[in-house]
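In: Here is my input; please provide its structure:
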Amino acid sequence: MADDKDRRDGREAFRRLSTREKIDHIWTYYKWFIILGIAAIVIISGEIWRFATKKEPVLYLGLVNVTVGAELESSLDGGFTESLGLDARKNEVLIYRDLYISDSAEGEAHKSAYASRIKLMAAVESKTLDAVLMSRQAYDILSAAGYLMELDGIAPADILTENEVVLEDNDIEYTLNEASEHIVRTETRSNGARLDSLPGFDEPVYFAVIANTEREAECGEYLRYLLSL
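Out: Coordinates of the predicted model:
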């Protein structure tokens with residue numbers, strides 16, 4: 001009975017408080033519940049927003065040793081999804097930008113190229129890189145490393161290009177004097193498509209497909225789309 005009386009007295013005392021005093025009272029005794037409640041609402045709202053706005057990649061594209069403006073990037077992404085009849089708000093071409101690779105071992109260029117190679121290798125290994133748009137230099141490097149798929153049957157014959165793929169190179173053993181001669185064995189493969197008039201580029205760029213892609217059909221569609229621009 002005493003507890004009931006105390007509760008009634010407490011409620012009555014609270015009713016007699018001014019609005020400011022009520023706010024101070026609530027904050028003093030319940031602030032941690034309020035803070036935790038607000039934090040929970042923010043986290044849940046963020047997850048709901050992230051899920052609602054998440055886009056599904058229809059293709060992963062790398063821009064290697066080339067840069068594009070905002071207008072062309074919009075075409076490379078939303079323009080392609082729309083050409084497939086997909087909702088650009090829910091689907092995307094996920095683009096890796098600012099990738100730079102080089103055979104040079106000098107200064108800042110070497111550091112940038114090394115970081116880009118690591119990023120490219122990770123994307124290829126995780127199968128989150130399907131195709132690349134690149135300069136001739138990048139094309140030579142990626143072809144030699146064996147990253148690129150042959151494009152016979154994918155690229156039209158008039159734009160299909162050949163490049164060397166290194167099958168064997170004992171450069172490390174030769175440098176360490178573990179081999180008496182430097183042996184390099186290569187093979188020529190049709191693994192690139194030269195795009196001479198892609199809008200937004202002053203020079204020809206090369207399109208290629210990563211050898212382990214799981215989206216070969218989409219890569220073919222993407223090349224046809226680029227040729228229509």
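
In: what about the helices in this structure?
Out: Under the criterion DSSP state H, the chain carries helices at the ranges 2-16, 19-53, 70-74, 80-83, 107-125, 136-144, 171-175, 216-228.

In: Only C-alpha atoms, please: export the last one in PDB.
Out: In this case it means helix 216-228. Output in PDB follows, covering the C-alpha atoms of helix 216-228 (Å, rounded to 0.1, in the frame of the first residue of the first chain):
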ATOM      1  CA  GLU A 216      30.600 -12.800 -70.600                       C
ATOM      2  CA  ALA A 217      27.200 -12.200 -72.200                       C
ATOM      3  CA  GLU A 218      26.800  -8.800 -70.500                       C
ATOM      4  CA  CYS A 219      30.300  -7.900 -71.700                       C
ATOM      5  CA  GLY A 220      29.300  -8.600 -75.300                       C
ATOM      6  CA  GLU A 221      26.200  -6.500 -74.800                       C
ATOM      7  CA  TYR A 222      28.300  -3.700 -73.300                       C
ATOM      8  CA  LEU A 223      30.700  -3.700 -76.300                       C
ATOM      9  CA  ARG A 224      27.700  -3.500 -78.700                       C
ATOM     10  CA  TYR A 225      26.400  -0.600 -76.600                       C
ATOM     11  CA  LEU A 226      29.800   1.300 -76.800                       C
ATOM     12  CA  LEU A 227      29.800   0.900 -80.500                       C
ATOM     13  CA  SER A 228      26.400   2.500 -80.700                       C
END
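
In: what helices or strands is that helix leaning on?
Out: If you count contacts as 3 or more C-beta pairs under 8 Å, 6 or more residues apart in numbering; DSSP states H and E, helix 216-228 packs onto strand 56-64, helix 80-83, strand 131-134, strand 184-195, strand 205-209. Just so you know, the C-beta spots here come from the backbone N, C-alpha and C atoms, and that holds for glycine as well.

In: Now do the same contact list for the nearest residue to Leu148 once chain neighbours are set aside.
Out: Nearest residue to Leu148, sequence neighbours excluded (C-beta to C-beta, 6 or more residues apart in numbering): Asn191, at 4.0 Å. By C-beta atoms under 8 Å, 6 or more residues apart in numbering, the contact set of Asn191 is 143, 148-151, 161-163, 165, 208.

In: And for Gly69?
Out: Residues in contact with Gly69, defined by C-beta under 8 Å, 6+ apart, are Gly200.

In: Now do it, the pLDDT please.
Out: Gly69 carries a pLDDT score of 81 in this model.

In: same deal with Tyr206?
Out: Looking at Tyr206, its pLDDT is 97.

In: I'd like the helices and strands packed on helix 216-228 laid out as JSON lines, including distance to Leu229.
Out: JSON lines is the format used below for the helices and strands packed on helix 216-228 (distance: least, C-beta to C-beta, whole Å):
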{"stretch": "strand 56-64", "distance to Leu229": "14"}
{"stretch": "helix 80-83", "distance to Leu229": "10"}
{"stretch": "strand 131-134", "distance to Leu229": "12"}
{"stretch": "strand 184-195", "distance to Leu229": "9"}
{"stretch": "strand 205-209", "distance to Leu229": "12"}
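
In: so which of the ones you listed comes closest to Glu218?
Out: Of all these, strand 56-64 sits nearest to Glu218, with 5.1 Å by C-beta to C-beta.

In: before we move on, back to that, now neighbour count and distance to Gln137 too, for the contacts of Asn191, in TSV please.
Out: Shown next, in TSV, are these (neighbours: other C-beta atoms under 10 Å; distance: C-beta to C-beta, whole Å):
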residue	neighbour count	distance to Gln137
Ser143	24	11
Leu148	24	14
Met149	20	20
Glu150	17	21
Leu151	22	19
Thr161	19	14
Glu162	12	16
Asn163	20	12
Val165	20	16
Ala208	28	13
